[in-house]
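> Quick check, what structure comes out for this input:
(chains A, B and C, ligands or ions: 3)
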Amino acid sequence: MRSQSIPCSTPLAGGTDLNPRVRALIDGVRDGFSLDQPFYTDPELFALDLEKVWRRNWIYVCMGCQIPNPGDYITYQLGTDRIIVIRGDDGVVRAMANVCTHRGSIICTEHAGNARALVCPYHAWVYGRDGELRAARMMPADFDRSRHGLAQVRCEMIAGFVFVAFSDHAPDLATWRAEFEPHLAAYQTDRLKVAVSKTYDCNANWKLLAENFRECYHCHSGHPEYIRAIIGSGMHEPREKADAETRRAQDAWKAQGVGNDSVDYDDANGDWHYSARYPFAPGFRTMSEDGARVAPLLGRLPSEDVGTYSIVMYPNLWMDCPPDHLMTMRVTPRAADRCEVRFDWFVRDDAREGVDYDPAKVSWFWTVTGEQDVRLCEDNQAGVASPRYRPGPYAPAEGGPRHVIQWYLRQLVRP
Amino acid sequence: MRSQSIPCSTPLAGGTDLNPRVRALIDGVRDGFSLDQPFYTDPELFALDLEKVWRRNWIYVCMGCQIPNPGDYITYQLGTDRIIVIRGDDGVVRAMANVCTHRGSIICTEHAGNARALVCPYHAWVYGRDGELRAARMMPADFDRSRHGLAQVRCEMIAGFVFVAFSDHAPDLATWRAEFEPHLAAYQTDRLKVAVSKTYDCNANWKLLAENFRECYHCHSGHPEYIRAIIGSGMHEPREKADAETRRAQDAWKAQGVGNDSVDYDDANGDWHYSARYPFAPGFRTMSEDGARVAPLLGRLPSEDVGTYSIVMYPNLWMDCPPDHLMTMRVTPRAADRCEVRFDWFVRDDAREGVDYDPAKVSWFWTVTGEQDVRLCEDNQAGVASPRYRPGPYAPAEGGPRHVIQWYLRQLVRP
Amino acid sequence: MRSQSIPCSTPLAGGTDLNPRVRALIDGVRDGFSLDQPFYTDPELFALDLEKVWRRNWIYVCMGCQIPNPGDYITYQLGTDRIIVIRGDDGVVRAMANVCTHRGSIICTEHAGNARALVCPYHAWVYGRDGELRAARMMPADFDRSRHGLAQVRCEMIAGFVFVAFSDHAPDLATWRAEFEPHLAAYQTDRLKVAVSKTYDCNANWKLLAENFRECYHCHSGHPEYIRAIIGSGMHEPREKADAETRRAQDAWKAQGVGNDSVDYDDANGDWHYSARYPFAPGFRTMSEDGARVAPLLGRLPSEDVGTYSIVMYPNLWMDCPPDHLMTMRVTPRAADRCEVRFDWFVRDDAREGVDYDPAKVSWFWTVTGEQDVRLCEDNQAGVASPRYRPGPYAPAEGGPRHVIQWYLRQLVRP
Ligand code: FES
Ligand code: FES
Ligand code: FES
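Residues are numbered from 1 along each chain as shown, chains lettered A, B, ... in the order given. Ligands and ions are numbered 1, 2, ... in the order given. The predicted structure follows:
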């Protein structure tokens, strides 16, 4: 959740396809200030966000380990778009429209499951796990099944994280892969299993969550549990002290061969990701109530002394990975003033529930912290919806949200 | 639910009053394919449906036997329009606005009841059961009560079925009357009583129900109970076998003087109704779980061997009448993606509950089948709302929905 | 709830800023008839109501005695506008935006409470009880706190009633103060405490409530409890008898020095208030189930024989004050077809619950009567939303609503 201040600039050329009102709103944004009200409340801008940001970037859906076997699937919905993410007979994870090519029924009606074949519940057209139409009862002899498979959706798996792209505009994932795979390798993120899942309806615009989760200016008052665990996150002790402790931790990581570079990548094409490794406060070995480990060490980590490794990939993935579990937060926008927030906690796949780990303890830290954030964002939404709201100045400690806003505006104006 | 393939054509002249976007959508419909997304999801098209289809056709409201005595009434709502259907002192069933001519309160606030007079709950203006204003307290001497009666709504009863027309455009009901009264006479559909009523909110556009209930292509996978009872409905045995059994049944009906012609009437004016008599599978004497009768024989039927007599009258009535009970399904649109579905089961009015019939057994068959259809239509709606939905090809067995669509489009473009 | 017929006229000049459709609707209103449907149902007109009526008049929020101590506050919401009404260290009640000047979170998240300082829950900026920004953590040295206080909202207290104005257009309150303070002085309305509070969601346009609460034409059929208690309110006994009893009561009040003039003030600027003192029916000493007193005599009233003193101040305050308690009804619009109605019952601040008064008895009369009105207004809304609704004629006894409508229309067209 910590961030550094990043220089921003606002020469936002482009966006000539936007309607004049939206274009004027974008031009009116002052660098260093929060957005104007319509960006957080207006249905027209929400539709634009879906089109320009959500459908043109990679969206995190799940971990591959949630669908380990052929035929395992989960469904996902973005706006009115519904997809199936399913593992094929060849072990490859694919994404496809959850919409029958006959008369349009959805095919998988559950959130998750295992399907021998994808059989439409309406007239029982049968699709393979790869989306090809295998059988369509009583259709004429000249009916061409090969032209009636399920529409394929771009899908990539990187280090066990499954991403989909709802359009052809999403950027190349090569940078992401090159940067994060080495860091994640020791965690063996493809050999995990879900310990706990929790889903929240949050009455806030998705960008308020995006801003919230890129600054720790609010941690001091908003997250007493978080700041106890993460050095420097409360911003209340002398900066030098926190920096010295962080350097000490980094040296220790280096000695073990654990990567520690903080990455904050944001190119002109709109790709944005971020990662960093944070040291725990003395007495904390993981993100837990008392600081004690809550599950067996992940993968082939050299020791438990590796801090917590964090990834943010805009617009919808936040990950925190202490040595013994991995937490993903997946945000999905639902309306201008509403989104869904799903947390999943993973442990190594051979850990035994009740023996090696207690789900309540694994999920304690981010349940407490996450619920605090959901509430803070809802209060923020209530205020920005008021006619008395005016964009306010970011503090120097809020370089993160300032950066998010700049990235967001560039998304709106790109061709 | 069975249907035959009917030749369709699409020279859809007219509709010059429609806005260009709607006109283009209509022009874009390909015969033999399901409709484009906006027809199922767009509020503007929903408003048009209400105006062009629902307010210009006869709408089934109830059976006359549900309001047998003077003053018995039921209320009904289509869009924001609210009416009272009430039996007068002369025994005639009338329909009128459920809106007071004083300051506009609704008058009958319950779904059904008996009223000595229609007294507005607000300032107690008193209307007769015929809608005439009888008393208006403390109004000036020159106040003309005769000009402040309740607005009358067209209302017709045919063989015990009560229909209303929300505008003057509804077609003549003479054809309907001539065709169906003879078939229904032996059932004495005016001497029934309600055994069970069930109402469902269905998250689907009304046209998806209209399509669903005109094809049995989905019966094989969607209705295991239905296909056990109705010969040929599963479309899985040899066609010749089903046809032979049907012919045998028809001969038996003819010998008893029971009409058996299937009627599928659809004139250029937009009137559409359909009826057919279907034979039961061996072992089935009615629509019930085990095939055994669930109530005394209706009216003056010559025997129980009369199959089930079905009527569809677009846009909102489906009826199935096995020898011992009558089931009506009444659909009412609520929004582009929502409608209400009400089922009523009737038995002869002298049948004694608990002695002659068990309500749970009477309603079993269409509860099971109807709930299956509600769910199928909701899954269909979820899919057609997706941006990945494309109109798909009707199977040859789906002449019914193909026909419905043609009828529907003609409704939109007529003057 | 009684009213007298007041001459109205409709030369509605002005309103040149209105869109032509609205202007035409206003021109189409016939004096003496209820409004056309869109005034009660249309979101565009609802937005206009908020802007022209609600944000340009004084809005009753609470009694000062509900926030007696420094730091006591309540929050209030009109549309999306959210404010805090808080008593300062100097004892003065102020209103201010409930929106942080940093990134816009709401500050007070509860309906009411006590705050040592107003601390934003997000990043803990600290505002004084007067709204000044006292502390903003980690902001740059050149950050000017004096420019980041909470936006102030106009706020006035008259005889213990707290009013706010959401814009600068609200009329001068001097007339109100001059007229009502003398009448209220003996009740010591600043020395009360809340006995009971009840809040209702009412599915009706706020104007239907405004009309309802200015006529007693509906009391005879709608309020059997009310007409038992208030002379003449049922309009069913000879007018002369009621008038004679009222005169007798007025003479008795005069002898005690209790003001009794009925005031119905409505100037061209849009200020409208109303007050009157009504006599109780024989056997009734207050508004209670059996007519017996339910709490100690208020303030320094000369006797219990002072009838009930009523105030209406448009658009949102109705007050009834029998000798032993005070009832306020506060209406807040929520949507074209929805508003919130809050009732508070007050007794003298030294009365002891369970000893001097029973909350259930104090609130009985207006709970019964208020719930009847909420229901009547909801039925009215259901009817005016029907396409068969036509504006109907006000009865001579409905001078009140006729007057409300005229006032309302003038609000829409003023500059
Ligand atoms: S809609 Fe899928 S098989 Fe018909
Ligand atoms: S609204 Fe019906 S009598 Fe007044
Ligand atoms: S939003 Fe209030 S302190 Fe940041």
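
> Which part of chain A gets nearest to ligand 3, residue-wise?
Nearest residue of chain A to ligand 3, counting by C-beta to the nearest ligand atom: A:N380, 6.5 Å away. Every C-beta, even on glycine, is put in place using the N, C-alpha and C of the backbone.

> What number of residues are in the vicinity of that residue?
For A:N380, the neighbour count with other C-beta atoms under 10 Å in any protein chain shown is 29.

> Where does it sit: helix, strand or coil?
Using DSSP: H, G, I helix; E, B strand; the rest coil, the structure places A:N380 in helix.

> Isn't it up against A:C202?
No - using C-beta atoms under 8 Å, A:N380 is not in contact with A:C202, being 10.5 Å away.

> Next one: A:C108 from ligand 1, what distance?
Per C-beta to the nearest ligand atom, to the nearest Å, A:C108 is found 12 Å from ligand 1.

> So A:Y73 belongs to a helix, correct?
No - assigned with three-state DSSP, A:Y73 falls outside any helix and is strand.

> and it, what pLDDT?
At A:Y73, the pLDDT value in this model is 98.

> Setting the sequence-adjacent residues aside, check what's closest to it.
Of all residues not flanking A:Y73 in the chain, A:I86 sits nearest, at 3.8 Å (C-beta to C-beta, 6 or more residues apart in numbering or on different chains).

> Need the phi and psi values for that neighbour.
phi -140, psi 140 (degrees, to the nearest 10).

> same question, A:F46
A:F46 adopts backbone torsions of phi -60, psi -40, taken as degrees, to the nearest 10.

> Excluding chain neighbours, give the residue nearest to it in space.
Closest to A:F46 by C-beta to C-beta, 6+ apart is A:A336, at 3.9 Å.

> so that neighbour makes contact with A:F39?
No - in this structure, A:A336 is not within contact of A:F39 by C-beta under 8 Å, at 9.1 Å.

> Measure how buried A:D264 is and give me the count.
A:D264: 16 surrounding residues under other C-beta under 10 Å.

> Could you measure from it over to chain B?
Distance of A:D264 to chain B, given as C-beta to the nearest C-beta, to the nearest Å: 33 Å.

> how about the strands in the stretch 1-150 of chain A?
Secondary structure of the stretch 1-150 of chain A by DSSP state E, counting those that start in this stretch: the strands cover A:58-63, A:72-78, A:81-87, A:93-97, A:112-114, A:118-119, A:126-127, A:133-135.

> Got phi/psi on the residue nearest to A:F46?
Torsion angles, degrees, to the nearest 10, at A:A336: phi -50, psi -30.

> How many residues are close by it?
Neighbours of A:A336 under the rule other C-beta under 10 Å: 22.

> wait, what's in contact with A:A124?
A:A124 sits next to A:137, B:218, B:220-221 when contact means C-beta atoms under 8 Å, 6 or more residues apart in numbering or on different chains.

> Could you list which of these belong to helices?
Among the contacts of A:A124, DSSP state H puts B:220-221 in helices.

> thinking again about what came up before, please report how far the residue nearest to A:F46 lies from A:R330.
Using C-beta to C-beta, to the nearest Å, A:A336 is found at 19 Å from A:R330.

> Same check on A:A151?
Taking C-beta to C-beta, one finds A:A151 at 23 Å from A:R330.

> likewise A:G399?
In terms of C-beta to C-beta, A:G399 sits 24 Å off from A:R330.

> do the same with A:E215
Here the criterion is C-beta to C-beta. By it, A:E215 lies 20 Å from A:R330.

> Who are the packing partners of the strand or helix carrying A:E225?
Using DSSP states H and E, A:E225 sits within helix A:224-229. In terms of contacts (3 or more C-beta pairs under 8 Å, 6 or more residues apart in numbering or on different chains; DSSP states H and E), helix A:224-229 is packed against helix A:219-222, helix A:359-384.

> With mean pLDDT added, can I get the ones you listed in TSV?
Below are the helices and strands packed on helix A:224-229 laid out as TSV (pLDDT from 0 to 100):
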stretch	mean pLDDT
helix A:219-222	95
helix A:359-384	98
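
> can you list the weak-confidence ranges in chain A?
Regions of chain A meeting the criterion pLDDT under 70 cover residues A:1-11, A:260, A:267-270.

> so where do the strands sit in the stretch 151-300 of chain A?
Under DSSP E, counting those that start in this stretch, the stretch 151-300 of chain A gives strands at A:152-158, A:161-165, A:192-202, A:263-266, A:272-278.

> what's the closest of those to chain C?
Ranking the strands of the stretch 151-300 of chain A by proximity to chain C (C-beta to the nearest C-beta) places strand A:192-202 first, at 14.2 Å.

> For stretch A:340-347, C-alpha coordinates in PDB please.
C-alpha atoms of stretch A:340-347 as PDB (Å, rounded to 0.1, in the frame of the first residue of the first chain):
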ATOM      1  CA  GLU A 340     -17.500  -5.700  -6.200                       C
ATOM      2  CA  VAL A 341     -14.400  -6.500  -4.200                       C
ATOM      3  CA  ARG A 342     -13.300 -10.100  -3.900                       C
ATOM      4  CA  PHE A 343     -10.500 -11.400  -1.700                       C
ATOM      5  CA  ASP A 344      -9.000 -14.800  -2.000                       C
ATOM      6  CA  TRP A 345      -6.400 -16.200   0.300                       C
ATOM      7  CA  PHE A 346      -4.200 -19.000  -0.900                       C
ATOM      8  CA  VAL A 347      -1.800 -21.400   0.900                       C
END
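
> buried sites along it?
For stretch A:340-347, the neighbour count (16 or more other C-beta atoms under 10 Å in any protein chain shown) marks A:341, A:343-347 as buried.

> Off-centre distance for that stretch?
10 Å (C-alpha atoms, centre = their mean, to the nearest Å).

> What are the contacting residues of it?
Residues outside stretch A:340-347 that contact it (C-beta under 8 Å, 6+ apart): A:62-63, A:65-66, A:189, A:192-202, A:209, A:295-296, A:298, A:324-332, A:334, A:356-357, A:359, A:362-363, A:366-367, A:370, A:374.

> Any of the residues you listed buried? List them.
Neighbour counting by 16+ other C-beta under 10 Å classes A:62-63, A:65-66, A:189, A:192, A:194-196, A:200, A:202, A:209, A:295, A:298, A:324-332, A:334, A:357, A:359, A:362-363, A:366-367, A:370, A:374 among those as buried.
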